[in-house]
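Asks: Return atomic coordinates for the entry below.
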Amino acid sequence: MSKSRTRMRIAVVGSIIVGLSVAAPPFSNAELTGSVKSSSGKPLEGVAVSARADNKTYTTTVYSDQNGAYFFPPLDSGHYKVWAQAVGFEAGKTELEISSEKKVPQDFTLQTLPDFHRQLSGGEWLESLPNESPEDRRLKKIFNNTCLGCHPANWILQNRFDAAGWGKILNLMGNIDRAGLPVAFSAVQTSVVQAYREDLVGYLSRVRGPHPFPLNYKPYPRATGEAAQIVVTEYDLPPGDRPEDYKSFIWNRSSSDWSEGTPSQSGAVLAHDVAVDQEGIVWFSDDFGLERTIGRLDPQTGRVTGYKMVGEDGFAVWTERIAVDQKGNVWGVGGLKFDPKTEKFQRFPRPSPPAAFGNLSAVALSIGGVGEPAVDSKGNPWFTHSSPDGAYRLDPNTGEYHDYRAVTKEGSPYGITVDAQDNAWFAQIAVDRLGVVDGRTGEVSEVVLAPLEEQVSAKDREIGARAYCCPLTSGVGPLDRKGPRRLAADRKGDTVWVAEYWANRLAKIDIHTKKVTEYPLPHLYSNPYSVAVDKNHMVWVNLLNLDRVAKFNPFTEKFTEYPLPTLGTGTRHLAVDDRTAIPEVWLPYNRLAKIARIQFRAASGSP
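Replies: Numbers count the residues shown, from 1 in each chain. Next comes the predicted model:
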């Protein structure tokens with residue numbers, strides 16, 4: 001190796017260490033580096049290269065650059081499994097020893113994989129479905145709006161069924177929600193699914209039925225440039241009832257081999273939300289766990305500690321969404337508070353809780369509300385609720401609640417944030433509106449999103465008006481809905497940002513003029529779910545259907561998409577850690593019992 005090339009590598013590694021120096025795991029000085037090329041000898045950029053030590057509960061992944069070169073941050077000594085993979089190629093795998101202060105070279109030559117359909121993300125699957133005729137485009141949109149409210153498309157489309165099989169799946173979808181609860185919990189789901197049942201059965205049994213159908217698989221280009229300059233650490237989560245069992249949900253897939261397809265979420269739905277406190281500790285809500293209400297992840301060690309608030313049935317009180325206040329307290333839905341200093345829970349019951357949905361004490365309804373928390377500048381948590389529609393604010397000093405009713409009813413509030421002037425904003429997914437509570441006067445107004453006009457027929461508009469019959473939703477939407485979901489305010493600016501789930505857009509709203517500006521995401525079937533804004537005003541969006549996270553730069557109005565190294569993550573939330581020089585991004589893998597941290601090399605995470 002030439003001296004100039006050696007100096008270049010040292011400079012690159014040095015910049016990596018500087019960029020990742022804050023809150024990084026306790027690494028030694030061992031160095032793992034190498035190159036990735038195809039069997040023809042061509043360097044491959046954007047290839048995910050992952051390393052996992054036998055005695056660790058987390059995996060580290062980097063991506064190759066334009067020369068095919070990859071560089072890991074310093075790793076602890078130990079025995080490692082290392083693998084490299086990209087869509088369209090067989091995974092390259094090896095095992096090696098890494099010792100302190102020793103350079104370990106490892107090159108990969110990837111062989112072409114003729115049949116790579118199981119490696120595709122949900123968005124790539126939808127891009128690969130027929131799109132030539134107006135009816136095909138309509139059916140694809142029906143599938144997107146009706147079947148993908150809770151999971152990515154690749155989990156469904158990697159399989160084949162005949163008409164009877166697809167019909168049974170749709171019958172099941174119409175009778176339970178993602179928690180397995182009866183459809184009475186969300187009757188709109190039955191209505192929409194049934195309205196399109198015959199269309200969907202015919203379409204799915206044609207394109208993914210027992211008989212061959214010619215699909216032109218369309219993988220996205222691999223990450224390049226800035227998008228490949230990241231380090232992703234994926235932490236395994238143990239189940240709440242077996243806190244030392246970190247391997248329960250690996251499914252013997254320690255390499256997360258994409259060619260095996262998207263795994264089932266059965267038993268692995270653990271982390272729904274994440275929040276980072278002032279000390280860099282990561283908190284997560286346990287989605288449907290029976291023995292853990294919230295969890296604590298130490299990024300330095302990967303260790304998870306669970307905390308349980310016992311419900312009336314003896315199981316853990318469930319809290320799907322969380323936020324951390326200025327004092328480090330963790331707030332959950334319905335007025336649930338956890339003090340990390342005392343490790344004690346406190347509940348603030350509402351005097352008049354929303355209408356009951358049966359004996360569901362393991363669900364957040366048992367503590368008086370649904371919806372996620374957001375905290376204003378005074379430390380008061382805000383929550384959304386659907387019965388009645390609107391928001392409420394808690395004064396934690398007095399335990400007093402203040403209710404704010406939405407202008408438009410039956411809108412299914414789905415996300416809340418507090419802006420720089422302490423106004424509370426909540427999304428109404430069912431009616432394409434945003435409620436706004438004036439922080440000074442308490443007056444409630446609303447922002448109406450413009451109708452979704454393109455490629456929506458009069459017939460489908462009529463179905464939407466007829467099928468959307470009730471206030472609750474389980475992520476099923478008529479074709480003319482944009483579906484504003486989880487939103488975030490720029491607390492140092494004048495904007496609120498909203499994920500438009502079914503429209504595949506990011507909306508910017510001026511908090512003074514209420515002007516709405518919409519930005520289409522780079523890929524049509526991204527399904528943006530949640531938004532976060534960092535200290536540099538960068539807007540981060542998790543893309544449920546792509547296994548990616550996007551950064552939107554409001555100054556250049558450009559998106560950058562960063563890949564995740566695991567398939568079928570199903571992320572529903574994300575958080576930014578502004579303590580570090582370059583903000584870091586945290587994502588819960590809702591389907592796969594993991595939490596990921598994205599760190600940015602050089603200036604890739606900066607404005």
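
Asks: Tell me the backbone dihedrals of the closest residue to D578 other than its chain neighbours, please.
Replies: The shortest distance from D578 to any non-neighbouring residue, by CB to CB, 6 or more residues apart in numbering, is to K535 (4.3 Å). C-beta here means a position set from N, CA and C on the backbone, and glycine is covered the same way. Backbone torsions for K535, taken as degrees, to the nearest 10, come to phi -70, psi -20.

Asks: Report pLDDT for K535.
Replies: Listed pLDDT for K535 reads 97.

Asks: Next, count neighbours for it.
Replies: Number of residues near K535 (other CB atoms under 10 Å) recorded here: 14.

Asks: V576 versus that one, what's the distance?
Replies: 8 Å (CB to CB, to the nearest Å).

Asks: Residues in contact with both of those two, list them for me.
Replies: P583 (CB atoms under 8 Å, 6 or more residues apart in numbering).

Asks: before we move on, back to that, I'd say the residue nearest to D578 and P583 touch.
Replies: Yes. Here K535 lies in contact with P583, judged by CB atoms under 8 Å, at a distance of 6.2 Å.

Asks: Quickly list what's touching both of those two.
Replies: Joint contacts of K535 and P583 (CB under 8 Å, 6+ apart) are V576.

Asks: quick one on the thing from earlier: next, the contact list for the residue nearest to D578, please.
Replies: K535 makes contact with K492, V576, D578, P583, according to CB under 8 Å, 6+ apart.

Asks: Helices of the chain, start to end?
Replies: 3-19, 122-128, 134-147, 153-157, 163-173, 187-195, 197-207, 458-467 (DSSP state H).

Asks: which sections of this protein are below the confidence cut-off?
Replies: Applying pLDDT under 70 to the chain flags the ranges 1-30, 176-190, 248-255, 266-267, 352-371, 387, 467-475, 602-607.

Asks: Could you rerun that using 50?
Replies: 1-28, 184-188, 251-252, 254-255, 353-370, 470-472, 605-607 (pLDDT under 50).

Asks: Near G88, how many other residues are there?
Replies: Residues lying near G88 (other CB under 10 Å) number 17.

Asks: circling back: which among the helices of the chain is found nearest to L215?
Replies: For the helices of the chain, proximity to L215 was assessed by CB to CB; helix 122-128 is nearest, at 5.2 Å.

Asks: Packing partners of that closest one?
Replies: The helices and strands touching helix 122-128, judged by 3 or more CB pairs under 8 Å, 6 or more residues apart in numbering; DSSP states H and E, are helix 134-147, helix 153-157.

Asks: List the buried residues of stretch 135-154.
Replies: Neighbour counts using 16 or more other CB atoms under 10 Å place 138-154 of stretch 135-154 among the buried residues.

Asks: domain assignment for this protein?
Replies: Residue ranges for the domains of the chain, per automatic domain parsing: 3-110, 117-207, 225-246+273-599.

Asks: and those domains as JSON lines, adding distance to S259?
Replies: Shown next, in JSON lines, are the domains of the chain (distance: least, CB to CB, whole Å):
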{"stretch": "domain 3-110", "distance to S259": "7"}
{"stretch": "domain 117-207", "distance to S259": "6"}
{"stretch": "domain 225-246+273-599", "distance to S259": "10"}
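
Asks: Among those, single out whichever gets nearest to K218.
Replies: Distance to K218, taken as CB to CB, is lowest for domain 117-207 among the domains of the chain, at 4.4 Å.

Asks: Save the helices of the chain as a markdown table, and put in distance to L587 too.
Replies: A markdown table is the format used below for the helices of the chain (distance: least, CB to CB, whole Å):
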| stretch | distance to L587 |
| --- | --- |
| helix 3-19 | 19 |
| helix 122-128 | 16 |
| helix 134-147 | 22 |
| helix 153-157 | 18 |
| helix 163-173 | 26 |
| helix 187-195 | 26 |
| helix 197-207 | 30 |
| helix 458-467 | 31 |
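
Asks: among those, which is nearest H272?
Replies: Smallest distance to H272 across those (CB to CB): 17.5 Å, for helix 153-157.

Asks: who touches the closest one?
Replies: 120-126, 129, 143-144, 147, 208, 261-262, 264-265, 525, 545, 567-568, 591.

Asks: neighbours around P214, how many?
Replies: Other residues near P214 come to 6 when the count uses other CB under 10 Å.

Asks: again, but for V304
Replies: 25.

Asks: hang on, L204 packs against F161?
Replies: Yes. The pair L204 / F161 is scored as a contact, 7.3 Å apart, by CB under 8 Å.

Asks: Who has more neighbours out of the two?
Replies: Ranked by neighbour count (other CB under 10 Å), L204 and F161 place L204 first, with 26 against 17.

Asks: give the contact list for the more buried one.
Replies: By CB under 8 Å, 6+ apart, L204 lies in contact with F143, F161, W166.
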